[in-house]
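J.: model the following, please.
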Amino acid sequence: MNASDPTPAKLQQAALDYHEFPRPGKLGIAITKPVEGPGDLSLAYSPGVAEPVRAIQQDAEAAYRYTAKGNLVAVISNGTAVLGLGDCGALAGKPVMEGKAVLFKKFADIDVFDIEVDTKDPQEFIDTVARISGTFGGINLEDIAAPACFEIERALVERCDIPVFHDDQHGTAIVLCAGLLNALELQGKTIETARIVCLGAGAAGIASMRLALELGARRENLLLVDRKGVIHTGRDDYATLNPEKREFAAEPSERRTLPGALAGADVFIGLSGPDLVRDEWLMLMNERPIVFALSNPVPEIRPEVALKVRKDLIMATGRSDYPNQVNNVLCFPFLFRGALDVRARHINGAMKVAAVRALAALARQAVPAEVLAAYGLKSLSFGPEYIIPTPLDPRLRDVVAPAVARAAVDSGVARLSALRPA
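T.: Numbering: from 1, shown residues only. Okay, here's the model as predicted:
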């Protein structure tokens, strides 16, 4: 089976049929008010619609009362980093953006417009999104290649008065860190003392290391590795590295390669590519190691290979057919639900940490029978093969969204001081 094209022919056709029939695409627009007679028409459009227009003209915040803005998120991409397929172009990324919209609606009842912006120029993309941002209550950036994604998100956060969130960065980081906190506890370790190696210095890798620092990790215990090895200040190409990579450059040492970095490490995080870690390298890691091999569909090292050489490890992947799937759907619908419910202006560090801790805590609670039934399991409990909740856990919205909303209020980025009904 080709790692770049792992889908059997029948499933390929089933996927195409699913998207085409009985109506192309996965989204539609629903009317939320009665439009049954001339009276309704006069309210929905002319002349009645003039009243909310005047109200919003007088007070922009009235848009939250009289339009769908407060429950509407834009999922926006330029198609430069589509799933594991690379630079597919804006239009080819549309099925993924529609899929993201489906997940927002299914899990958090958030409405979405997917928008594909046909430009690779960061400033053109920023200007386009900023000019349409008033339409929405939040913006989810998606499938934008690094390092442009950092510049784009940073600029839009500054220019927009609504939450802007690049899910490939922060959604991955939040779910990863929730699982990491629980795995560390199970292994008798702490994030403050753990030595962490991250293979992959793109959007997810950088964001995950930043969030680990917010949770208490120490910079001197972090090593970031890219295609050329450990990122350190003595590298020949150090001056040409992007600022995000230089942010995590270590002091020069003998640890220049991935196996060198893994020697004595407590945690390996892979956000890179398939089969890049040899089984013998795991033997170099500290006792009771943690391995998050998140390349998808083929991990950096497969669980069956890793567990054969290290019986004492805890492992997670990005796949649903192994335990401990790191899946962004555990985060982004509920993070935005909490942000929208208090009309947050931004998604800040406090909100991300709140999401991490809420997810980690939920995994320690008893698993409902309906979750067991959905996955065909007789039992599931907190332990090495269950360190993060499953995507179909119905409690996620009730646990994660309120935690995020409270953090928004407490950190001063919410327009509302209390949760409003969703």
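J.: switch to C-alpha atoms for all contacts and neighbour counts from now on
T.: Will do.
J.: who touches the longest helix along the chain?
T.: Determined from DSSP state H, the single longest helix within the chain is helix 167-186. Helix 167-186 is contacted from outside by 140-143, 190-191, 203-209, 211-212, 290, 314, 324, 326-328, 330-332, 352-353, 355-357, 359-360, 383-384, 387-388, using CA atoms under 8 Å, 6 or more residues apart in numbering.
J.: inside helices: which ones of those?
T.: Reading helices off these with DSSP H, I get 203-209, 211-212, 332, 352-353, 355-357, 359-360.
J.: buried ones in the longest helix of the chain?
T.: 167-184, 186 (16 or more other CA atoms under 10 Å).
J.: C-terminal to that helix, what's the next element?
T.: strand 196-199 (DSSP states H and E).
J.: and that next one, how far from the chain's centre?
T.: 18 Å (CA atoms, centre = their mean, to the nearest Å).
J.: same deal with stretch 195-210?
T.: 14 Å.
J.: ditto for stretch 217-237
T.: 24 Å.
J.: what does that stretch rub up against?
T.: Contacts of stretch 217-237 (CA under 8 Å, 6+ apart): 191-201, 209, 213, 238, 245-246, 248-252, 255-258, 261.
J.: buried residues in that stretch?
T.: 217-219, 221-226, 229-233, 235.
J.: pull up the per-residue confidence for the residue nearest the centre of the chain.
T.: Centroid-nearest residue in the chain, with CA atoms, centre = their mean: G171, separated by 1.9 Å. G171 is assigned 96 on the pLDDT scale.
J.: nearest spatial neighbour of A207, skipping sequence neighbours?
T.: Q169 (5.2 Å; CA to CA, 6 or more residues apart in numbering).
J.: check what pLDDT N182 gets.
T.: 98.
J.: if I look at it, how far off is N324?
T.: 11 Å (CA to CA, to the nearest Å).
J.: which residues do these two both contact?
T.: Joint contacts of N182 and N324 (CA under 8 Å, 6+ apart) are I387, I388.
J.: so how far is the longest helix of the chain off the chain centroid?
T.: 10 Å.
J.: swap in stretch 85-103?
T.: With CA atoms, centre = their mean, you get 15 Å for stretch 85-103.
J.: quick one: average confidence on the helix or strand hosting A374?
T.: Using DSSP H and E, A374 sits in helix 369-375. Averaged over helix 369-375, pLDDT sits at 94.
J.: pull that helix out as CSV, backbone CA atoms only.
T.: This file holds the C-alpha atoms of helix 369-375, laid out as CSV (Å, rounded to 0.1, in the frame of the first residue of the first chain):
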residue,chain,number,x,y,z
ALA,A,369,-21.9,3.8,28.2
GLU,A,370,-22.8,5.5,25.0
VAL,A,371,-19.1,6.1,24.2
LEU,A,372,-18.3,2.5,24.9
ALA,A,373,-21.2,1.4,22.6
ALA,A,374,-20.0,3.8,19.8
TYR,A,375,-16.6,2.2,19.8
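J.: touching that helix from outside, list them.
T.: Outside helix 369-375, the residues that reach it (CA under 8 Å, 6+ apart) are K378, S379, L380, T390, L392, D393, P394.
J.: how about L262: what's its closest non-neighbour residue?
T.: M285 (5.6 Å).
J.: which residues are in contact with the one you found?
T.: By CA under 8 Å, 6+ apart, the neighbours of M285 are L262, A263, G264, A265, D266.
J.: and if you look at V73?
T.: I110, D111, V112, F113, F136, G137, G138, I139, N140.
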